[in-house]
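Novice: One predicted model, sequence on top.
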Amino acid sequence: MRSFILFLALFSFGKVQAQTYGWYTEGDFEPVSRAKVTIVNTLNIERSDCPVIIPANLLPVQSLDQTWVTVVDPTLPPQPRPTIEELKKIGSGAALEETNGHAIPYQFDDINQDGLGDEIFFMTDYKPGETKTFFIYFGENWRGGTPHETHAGMGTYGRHLVPWWESKLIGWKMWYPNSVDLYGKRTPMLVANLEGSGEISGYTAPYEFGSDILSVAETFGAGGICLFEDPDRPDVISRPRFNPNQAKGPIFGTRFAFHVVVNGPLRSMIRAHTMHWQTGSGDYELEQLYTAYKNKSYSTCKVAFLRFHPKNSGTQFGCGMRKIMNQYKLYKEDGVIISFGKDLVITDPDVDPLWETQHTVDFEAIALMVKNAYRPVFQEISDFGGNVTFRIPVTENHTYEYLIAAGWSEGTVNRSEREFTDYVLNVQKEYNNPVVVKNVSYETK
């Protein structure tokens, strides 16, 4: 499956003597082996909190867990010796005095849930065209912690199981399976755990929590997948939760299962497993991996069909989103769709309007993006409440990816049409032109 990172076949795993950078230490942690990783920004633009993924199979040491990996930026100033007061405040696990660089927050994530780490993930800033060097040190080190900037969770909410994933800027959940719901934050904070465990309505939550800001119903909501199974009717789609046998229950209809794959601190993931999807024109099973990122107003989704048996040879993949309520403008170009709405009345559909739970949002927009490499083609859909989608040719490995984003006038970022458009188009550049892992080499003292 494609990812944010493009890898070049320029790896050197022979043992070489370190030449340029001194060896990192932290307290009594004095590692004797490390991987030197060179990563290039391929764009002539600045990148802030740029996601970096290093697959574990590129590392010269394979038998690792989270406590045996320390990621260091050698250009950052080392942390000085903490004071007694700081140590008392932080408590167990406090990071100690460093030399030769600074350890940065990272995750060593087990994506396929087999008990082995699959990817080292961290985020960094880049100057235009900049090449940066990082070190991954090997050796047991339990100290240091990172506050969570993202969250993923699941629980019974509104009498059924609901998965959530969020950054401090925007959050998503699946009230309906395979149709993403959206909630905006007024203050940067994580709220999913509080709302879910407390059964707090997204429409009547405390003001600083933000609010549910999208009506989903039978639409795609903020994002979802589909199939185009009839080449003669390009605007007709099949969707998992509208299986012809769905009214007969999950034995006969489509079945859904969800679980948390990763829960922060820098990114959080939910896996949605769709099974026994029988449309009458095909038989399918798939997984979707939704990811939220620190300081981002977008979520990515990787789709992998585990079973793909269409009856029609012209069947194509698809993804889509609803047209925003009270839409006044639609942008669609080069794999990006943005739906803009104004004066949106947000109300709890399950509460009598006389209870005065509704409020009006001046501006709101949602976006859908597919990488150019997948050759997406815009397709408007009038069914299911009005949606905009992309048709995507079937790939050899039956996988594809898309990105969803949102902004609103009551948030702290992307509060206007101009701000949100600029944000989405900048994200598009980064999404289509990932940073490049140029070299990995092994060094020992």
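Specialist: Looks like it arrived, so ask away.
Novice: And the helices in the stretch 301-445 of the chain, which stretches?
Specialist: Remark: helices assigned in the stretch 301-445 of the chain by DSSP state H, counting those that start in this stretch are 417-432.
Novice: pLDDT below threshold where in it?
Specialist: 352-357 (pLDDT under 70).
Novice: can you map out the strands along it?
Specialist: 316-322, 327-333, 336-346, 359-369, 377-381, 387-392, 399-408, 436-444 (DSSP state E, counting those that start in this stretch).
Novice: Could I get the buried residue list for stretch 99-110?
Specialist: Using 16 or more other CB atoms under 10 Å as the test for burial, stretch 99-110 gives 101-110. Placement of C-beta: from N, CA and C, glycine included.
Novice: rewinding a little: turn the strands of the stretch 301-445 of the chain into JSON lines, columns for distance to residue 68.
Specialist: Below are those laid out as JSON lines (distance: least, CB to CB, whole Å):
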{"stretch": "strand 316-322", "distance to residue 68": "38"}
{"stretch": "strand 327-333", "distance to residue 68": "46"}
{"stretch": "strand 336-346", "distance to residue 68": "41"}
{"stretch": "strand 359-369", "distance to residue 68": "36"}
{"stretch": "strand 377-381", "distance to residue 68": "46"}
{"stretch": "strand 387-392", "distance to residue 68": "39"}
{"stretch": "strand 399-408", "distance to residue 68": "30"}
{"stretch": "strand 436-444", "distance to residue 68": "15"}
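Novice: want to try a markdown table for the ones you listed, with mean neighbour count and distance to residue 218 as columns?
Specialist: Shown next, in a markdown table, are these (neighbours: other CB atoms under 10 Å; distance: least, CB to CB, whole Å):
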| stretch | mean neighbour count | distance to residue 218 |
| --- | --- | --- |
| strand 316-322 | 26 | 9 |
| strand 327-333 | 14 | 17 |
| strand 336-346 | 20 | 17 |
| strand 359-369 | 22 | 17 |
| strand 377-381 | 18 | 11 |
| strand 387-392 | 24 | 10 |
| strand 399-408 | 25 | 18 |
| strand 436-444 | 18 | 42 |
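Novice: right, so of the ones you listed, which gets closest to residue 95?
Specialist: strand 436-444 (22.9 Å; CB to CB).
Novice: Mind checking which of the buried residues of stretch 99-110 land in strands?
Specialist: 102-103, 107-109 (DSSP state E).
Novice: What distance do you get for the residue positioned nearest the centre of the chain to residue 434?
Specialist: When CA atoms, centre = their mean is applied to the chain, the residue found nearest the centroid is residue 291 (2.4 Å). Residue 291 sits 14 Å away from residue 434, going by CB to CB, to the nearest Å.
Novice: what's the answer for residue 132, then?
Specialist: Residue 132 is 14 Å from residue 434, by CB to CB.
Novice: same deal with residue 83?
Specialist: 41 Å.
Novice: Which one of these two is surrounded by more residues?
Specialist: Set residue 83 next to residue 434 and count neighbours by other CB atoms under 10 Å: residue 434 wins out with 21 against 9.
Novice: So that one sits against residue 42, correct?
Specialist: Yes. Using CB atoms under 8 Å, residue 434 is in contact with residue 42, at 7.4 Å.
Novice: re the thing from before, wait, which of the strands of the stretch 301-445 of the chain is closest to residue 277?
Specialist: For the strands of the stretch 301-445 of the chain, proximity to residue 277 was assessed by CB to CB; strand 316-322 is nearest, at 13.3 Å.
Novice: Check what contacts the closest one and list those residues.
Specialist: Applying CB atoms under 8 Å, 6 or more residues apart in numbering, the contact partners of strand 316-322 are 214-216, 219-228, 237, 301, 303, 337, 339, 366-368, 370, 379, 381, 385-395, 400, 402, 404.
Novice: so residue 153 sits in a helix?
Specialist: No. According to DSSP: H, G, I helix; E, B strand; the rest coil, residue 153 belongs to no helix; its state is strand.
Novice: Which pLDDT value belongs to it?
Specialist: Listed pLDDT for residue 153 reads 96.
Novice: Count residues in the vicinity of it, would you?
Specialist: Residues lying near residue 153 (other CB under 10 Å) number 21.
Novice: Spell out which residues make up each domain of the protein.
Specialist: According to automatic domain parsing, the chain comprises the domains 6-143+434-444, 150-414.
Novice: Tabulate those domains (JSON lines), appending distance to residue 421.
Specialist: What follows is the domains of the chain, written out as JSON lines (distance: least, CB to CB, whole Å):
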{"stretch": "domain 6-143+434-444", "distance to residue 421": "16"}
{"stretch": "domain 150-414", "distance to residue 421": "6"}
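Novice: and these, which is most packed in?
Specialist: Mean neighbour count (mean count of other CB atoms under 10 Å) peaks for domain 150-414 among those, with a mean of 19.
Novice: so how far is that one off the chain centroid?
Specialist: 12 Å (CA atoms, centre = their mean, to the nearest Å).
Novice: cool, stretch 64-82 as well?
Specialist: Relative to the centre of its chain, stretch 64-82 is centred 25 Å away, using CA atoms, centre = their mean.
Novice: just stretch 438-445 next, same as before
Specialist: Centroid separation for stretch 438-445 versus its chain: 29 Å, with CA atoms, centre = their mean.
Novice: got the CA positions of it in CSV?
Specialist: Presented in CSV, the C-alpha positions along stretch 438-445 are these (Å, rounded to 0.1, in the frame of the first residue of the first chain):
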residue,chain,number,x,y,z
LYS,A,438,17.1,8.7,0.9
ASN,A,439,19.6,6.6,2.9
VAL,A,440,19.8,4.4,6.0
SER,A,441,23.2,3.3,7.3
TYR,A,442,24.3,1.4,10.4
GLU,A,443,26.9,2.8,12.8
THR,A,444,28.5,1.5,15.9
LYS,A,445,30.9,3.0,18.4
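Novice: That's all I had, so thanks and see you.
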